[in-house]
Every structure is written in structure tokens, then in C-alpha cells.
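A.B. asks: Sharing a sequence plus its predicted fold:
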Amino acid sequence: MPLLTDPTTVPATVECCKPAGRVMTFAERLAQVRHAVKRIIGAPDYELYLARHQQIHPEVPPMTEKEFFLFAIERRYSKAGPRCC
């Protein structure tokens with residue numbers, strides 16, 4: 001039975017432990033945290049919408065940020081269905 005430290009059982013490179021190559025700036029880290037918080041609370045992500053819209057419909061102009069948020073709020077809260085109140 002080979003040991004876990006045996007060179008034949010330990011991979012030569014481990015993807016998760018490689019150095020990133022550069023250090024993230026504070027602004028990049030803050031943007032990641034902001035994106036994570038928005039996903040947790042369910043807030044729409046305008047930057048993600050713009051990137052996806054550009055891929056799918058490059059010939060159609062995207063909604064403005066204000067139009068996008070109004071659309072997202074309308075879509076989320078206009079669902080008809082059983083409610084307690």
C-alpha cells in the first residue's frame with residue numbers, strides 16, 4: 001500500500017495551490033465582495049446584464065441602468081400567486 005507522501009501518488013502540480021501571478025488590488029477585492037453581497041441578497045447585477053446582452057443581442061442597445069433596475073423590480077414583485085396578505 002503506497003503512502004500518501006509517495007511521489008507516485010502526489011500530483012506534480014496542484015491547481016488550487018498555484019500562485020495567482022499577481023496580487024489583487026483593493027478595488028478588485030471590493031468589487032468581488034460587492035458582487036457576492038448582491039448575489040446573496042438577490043439584487044440584480046447591471047454589469048453582468050451588459051456583458052450578457054452584448055453577447056446575445058449586439059445589434060440592440062441595452063437598457064439604461066435605471067430601466068434595468070425598474071425592470072428587475074417589476075419582474076420580481078409582479079408575480080401573481082397565493083399570498084398570505
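C.D. replies: Received the coordinates, thanks.

A.B. asks: low-confidence ranges in this structure?
C.D. replies: 1-20, 80-85 (pLDDT under 70).

A.B. asks: For residue 53, grab the count of nearby residues.
C.D. replies: 15 (other CB atoms under 10 Å). All C-beta atoms are positioned from the backbone trio N, CA, C, and that covers glycine.

A.B. asks: separation between it and residue 75?
C.D. replies: 15 Å (CB to CB, to the nearest Å).

A.B. asks: got it, and residue 64?
C.D. replies: According to CB to CB, residue 64 stands 16 Å off from residue 75.

A.B. asks: now the helices: where do they sit in the chain?
C.D. replies: Per DSSP state H, the chain carries helices over the ranges 26-41, 46-56, 65-77.

A.B. asks: what is the orientation angle of the longest one with helix 46-56?
C.D. replies: This means helix 26-41. 90 degrees (axes from the mean of the first three to the mean of the last three CA atoms, to 10 degrees).

A.B. asks: which residues make contact with helix 26-41 from outside it?
C.D. replies: The contact list for helix 26-41 (CB atoms under 8 Å, 6 or more residues apart in numbering) reads 24, 44-45.

A.B. asks: The shortest one too?
C.D. replies: Helix 46-56 is touched from outside by 60, 62-63, 65, 68-69, with contacts defined as CB under 8 Å, 6+ apart.

A.B. asks: cutoff 7 Å now
C.D. replies: The contact list for helix 46-56 (CB atoms under 7 Å, 6 or more residues apart in numbering) reads 62, 65, 68.

A.B. asks: Next up, phi/psi of residue 23, please.
C.D. replies: Here is the backbone geometry of residue 23 (degrees, to the nearest 10): phi -90, psi 140.

A.B. asks: Count residues in the vicinity of residue 39, would you?
C.D. replies: 11.

A.B. asks: go on, residue 38?
C.D. replies: 15.

A.B. asks: Ok, the one 5 residues further on next?
C.D. replies: Neighbours of residue 43 under the rule other CB under 10 Å: 13.
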